[in-house]
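Peer 1: Just need the structure, nothing else, for what follows:
(one chain, ligands or ions: 2)
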Amino acid sequence: MEKIFLLQIALSLLVCFPASAQNIKRSGLFRCGGWNDDFRQLRDLEWNMENLDLGEAECDSIRPNALHSRHRLKRVVLPTVLRIIGSQAFFACDSMESIVLPAGTERIESRAFGNCTGLRTLTSLAETPPMLAEDAFCGTDTRKIRLIVPKGAEKAYKNAPGWQRFFTRKERTIYEQAPEEPAIIPAPTLVTYVGKEFLHTGDLGNIAASPLLANERRRLEEVLTDRLGIKQFSSSKASITLETDSSIGRKEAYRLDISKKGIRITGADAAGVFYGIMTLDQLLIPENENGRIKKLKSLSIEDSPRTTMRELMVDPCRIFIPFDDLKGMVKEMARYKMNAMHLHLTDDQAWRIEIKKYPLLTEKGSFRTGMDDMQMPIGGFYTQEQMKDLVAYASRYHVEIIPEIEMPGHQIAAIHCYPRLTCGAMELPIRTTCGVSDNLLCPGSDFTYEFLEDVFRELADVFTSEYVHLGGDEAGNPPLGCWSGCSDCQTLLKRIMASADTMPQPEARNDNWRLQKYMFDRIIGFLHEELGKIPMFWYETDFHEIQPGCIVFAWRHGLTAKAIDAAIRCNAKIMLCPGEHCYLDYPAAKGDMPEVNWGMPTTSLEQTYSLDPAWGYGADFEKQNLFGVAGTLWSECINSTERLYYMAFPRALALSEAGWSQQHNRDYTGFLTRLRRIAGDMHRRGICTGNIPAVPVTAAKQQP
Ligand code: ACM
Ligand code: ZN
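Peer 2: Residues are numbered from 1 along each chain as shown. Ligands and ions are numbered 1, 2, ... in the order given. As a prediction, the model looks like this:
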């Protein structure tokens, strides 16, 4: 990741905070707002905080995201002068059992108490019910919460918008008709309405599918249970038919036909059938809570992907992602027809995958204290059994898991465990700050190749994907510089220079690029020949040449055209992941989370949406070279799973549409309109997202 080093220095100076306390009381002036305000300090630095008393703090609002996903937080006393609780202020503070709203509380915003699943008592001291956003408690079962209001104010609360849910014990079901325009993301290729007939959704429990589609049938049953409450399924008198027909289009293409007699989903392959089911799932999303679609319009959808791979990259190295949470992310991505999760398993800050031959990697390399100014313990790794389980789980949702093992840079954690991996066998501490380390794997040492081959061999038994990512980015600072002082490296370089063409590399800073090429050639050869894998790597201009049979990622701001030119020149496939559109770890707007970061620019939802993966290069490039799109979620500043989701969504939906939908079917206002319904559903299901921008008023008026 590109770093702004002045900010890194500033961040490392901040690494002098006292150990985090369990009980914190704040009184007097309280800084609310600004890049590193008191809420950010409490939320991100006081990782051990369980009890927070702001009763005497001079603070009239708990700002948006103030205490987002602080799972340890049990008890909060709100400021006496409080008026506003901002959006997602307490999102997923799930250890909090009770909270008291002060008398002056005026407004509680969207998802302020979303996923507060432990909440049992809500006491409001306000005589006038505060304005309560409809979704303030999304993902939280309000039937489990006892609401206590001032004597005499019960009626006012019962009648106030949003508060009713605390008085209604009975589950309500509102039957609705499907919306006029279906809200499908990514936008399908073609939707045709066939007549004015409707299908009654109550009759959809009979499914016909060949045994080869048993998995897809199971996914369909999940959808029908979740959306329609259907729990009994049979195969007689089919009301839904699942089938494959490879003649309907490219891999993953599908056709969905709805008539008054039933539903037929035809996929070019099993993945296509699955995507037809995911589209049906979106057609069944109700307008509001507890809604259920009673009738579906007759229609026919033809759909197929524009690109082969729609990927999200997650980074459990900087901050660990619990194993089960990876599964949750896989399932959510799949809804939007994303088909690859790229796991960044190794970096300077941690090694996260069990390698049986090198046990120190996880014994010593998977634990440290601190990520920049956040001084919490960060540990964890995935066993090979867990990863096999993840691969199997993801395949049910047609998502493949692509492991990444970095080389030659971003490997300090491995070097910390096995110093022989770097030049001069230097003993290096594991890195606890963001940024680029100078030390690299040593290309002049045989042990480096033995190690990498052993690792890739073990991983080949775990990850069934034909792809494996080799990193290749940001190799040292200055790039590749550490090899200049290593006699093994320089001996190897002389040998290479003597035996090969020594034409100067147009953009190389020195001849060390030949060592990087040597290392990549050797490992790529091994992966091709011994393991039958297709290597991927982050493109750097120093590479110049892309080895046959590899896939490169264009990621650097402003350098996408150079990467594409190289892919065309070398007849290689390319993933588009340009920072300007695809770095989902950047804040979506100025001041949004992560408020404190290493100097990231912003990537708005609109910027992500505006990615055209053809990048102005035309049909030939698209056909010959374009492989897909990828979004990154580097986690230096993402310290909870909910925040991972916050950064990913809704931008990943914009990215999925860029990767899946035909350019002529895409427009941002239409996307925002569809997103409203889809995001409402995500929120009700407890999925965390960042802000959902409003549909521009002029466009909203034109909607039916
Ligand atoms: C990267 O962001 N270092 C690929
Ligand atoms: Zn060396």
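Peer 1: Are there helices or strands packed against the host helix or strand of residue 256, and which ones?
Peer 2: With secondary structure defined by DSSP states H and E, residue 256 is part of strand 254-259. In terms of contacts (3 or more Cβ pairs under 8 Å, 6 or more residues apart in numbering; DSSP states H and E), strand 254-259 is packed against strand 190-200, strand 262-267, helix 270-283, strand 291-303. C-betas here are computed from N, CA, C, even on glycine.
Peer 1: Ok, which of the ones you listed comes nearest ligand 1?
Peer 2: helix 270-283 (27.7 Å; Cβ to the nearest ligand atom).
Peer 1: Check which helices and strands that closest one sits against.
Peer 2: Against helix 270-283 (3+ Cβ pairs under 8 Å, 6+ apart) you get helix 214-228, strand 240-244, strand 254-259, strand 262-267, strand 291-303, helix 323-335.
Peer 1: Now the weakest link among those, please, by mean pLDDT.
Peer 2: Lowest mean pLDDT of these: strand 291-303, a mean of 94.
Peer 1: Pairing partners for the next helix or strand after that one, with directions?
Peer 2: Counting by DSSP H and E, the element after strand 291-303 in chain order, helix or strand, is strand 309-314. Partners of strand 309-314 in the sheet, by DSSP bridges, are strand 340-344 (parallel), strand 626-633 (parallel).
Peer 1: of the ones you listed, which approaches ligand 2 most closely?
Peer 2: Taking Cβ to the ion, strand 340-344 is the member of the strands paired with strand 309-314 nearest to ligand 2, at 24.3 Å.
Peer 1: at contact distance from ligand 1, anything in the helix or strand following that closest one?
Peer 2: Using DSSP H and E, the helix or strand that follows strand 340-344 towards the C-terminus is strand 346-347. No: legend: contact between strand 346-347 and ligand 1 by Cβ under 6 Å from any ligand atom is lacking; minimum distance shown is 9.6 Å.
Peer 1: Residue 430 is in contact with residue 366, isn't it?
Peer 2: No: between residue 430 and residue 366 there is no contact under Cβ atoms under 8 Å: 9.4 Å.
Peer 1: residues in contact with stretch 146-166?
Peer 2: 120-129, 131-134, 136-137, 142, 145, 167 (Cβ atoms under 8 Å, 6 or more residues apart in numbering).
Peer 1: how long is that stretch end to end?
Peer 2: End-to-end span of stretch 146-166 (Cα to Cα, to the nearest Å): 7 Å.
Peer 1: Start at 13, not 1
Peer 2: Renumbered: residue one is now 13, and that last one reads stretch 158-178.
Peer 1: Now do the buried residues in that stretch.
Peer 2: 159, 161, 165, 169, 174-175, 177-178 (16 or more other Cβ atoms under 10 Å).
Peer 1: what pLDDT, on average, does that stretch get?
Peer 2: On average, the pLDDT along stretch 158-178 is 95.
Peer 1: still on that earlier bit, pipe the helices and strands packed on helix 282-295 into JSON lines and attach mean neighbour count and distance to residue 48 per row.
Peer 2: Listed next are these as JSON lines, based on neighbours: other Cβ atoms under 10 Å; distance: least, Cβ to Cβ, whole Å:
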{"stretch": "helix 226-240", "mean neighbour count": "18", "distance to residue 48": "41"}
{"stretch": "strand 252-256", "mean neighbour count": "20", "distance to residue 48": "53"}
{"stretch": "strand 266-271", "mean neighbour count": "22", "distance to residue 48": "48"}
{"stretch": "strand 274-279", "mean neighbour count": "22", "distance to residue 48": "50"}
{"stretch": "strand 303-315", "mean neighbour count": "19", "distance to residue 48": "42"}
{"stretch": "helix 335-347", "mean neighbour count": "19", "distance to residue 48": "27"}
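Peer 1: who wins for proximity to residue 629 among these?
Peer 2: Minimum separation from residue 629 across these (Cβ to Cβ) falls at strand 303-315, 24.3 Å.
Peer 1: Can you list the strands that that closest one pairs with?
Peer 2: In the sheet, strand 303-315 lines up with strand 186-189 (parallel), strand 202-212 (antiparallel), strand 266-271 (antiparallel) (DSSP bridges).
Peer 1: Quick one: closest of the strands paired with strand 321-326 to residue 104.
Peer 2: Closest to residue 104 of those is strand 638-645 (Cβ to Cβ; 17.4 Å).
Peer 1: Could you identify the helix or strand that succeeds that closest one?
Peer 2: helix 653-660.
Peer 1: And the residue lying closest to residue 339 once chain neighbours are set aside, which helix or strand is it part of?
Peer 2: With Cβ to Cβ, 6 or more residues apart in numbering as the criterion, residue 339 has its nearest non-adjacent residue at 5.4 Å, and that residue is residue 405. Taking DSSP H and E as the definition, one finds residue 405 inside helix 396-408.
Peer 1: any residue of the next helix or strand after that helix up close to ligand 1?
Peer 2: Next in sequence after helix 396-408, counting helices and strands by DSSP H and E, comes strand 412-419. No: against ligand 1, strand 412-419 shows no contacts by Cβ under 6 Å from any ligand atom, the least distance being 9.3 Å.
Peer 1: Direction included, what does strand 412-419 pair against?
Peer 2: According to DSSP bridges, strand 412-419 forms sheet pairs with strand 352-356 (parallel), strand 479-483 (parallel).
Peer 1: So which bits of the last one are buried?
Peer 2: Within strand 479-483, the residues scored as buried using 16+ other Cβ under 10 Å are 479-483.
Peer 1: Tell me which other helices or strands the helix or strand just after that strand touches.
Peer 2: Counting by DSSP H and E, the next helix or strand C-terminal to strand 479-483 is helix 499-511. Of the remaining helices and strands, those touching helix 499-511 by 3+ Cβ pairs under 8 Å, 6+ apart are helix 525-541.
Peer 1: And the helix it packs on, what does it pack against?
Peer 2: Using 3+ Cβ pairs under 8 Å, 6+ apart: helix 525-541 touches strand 412-419, helix 458-472, strand 479-483, helix 499-511, strand 546-550.
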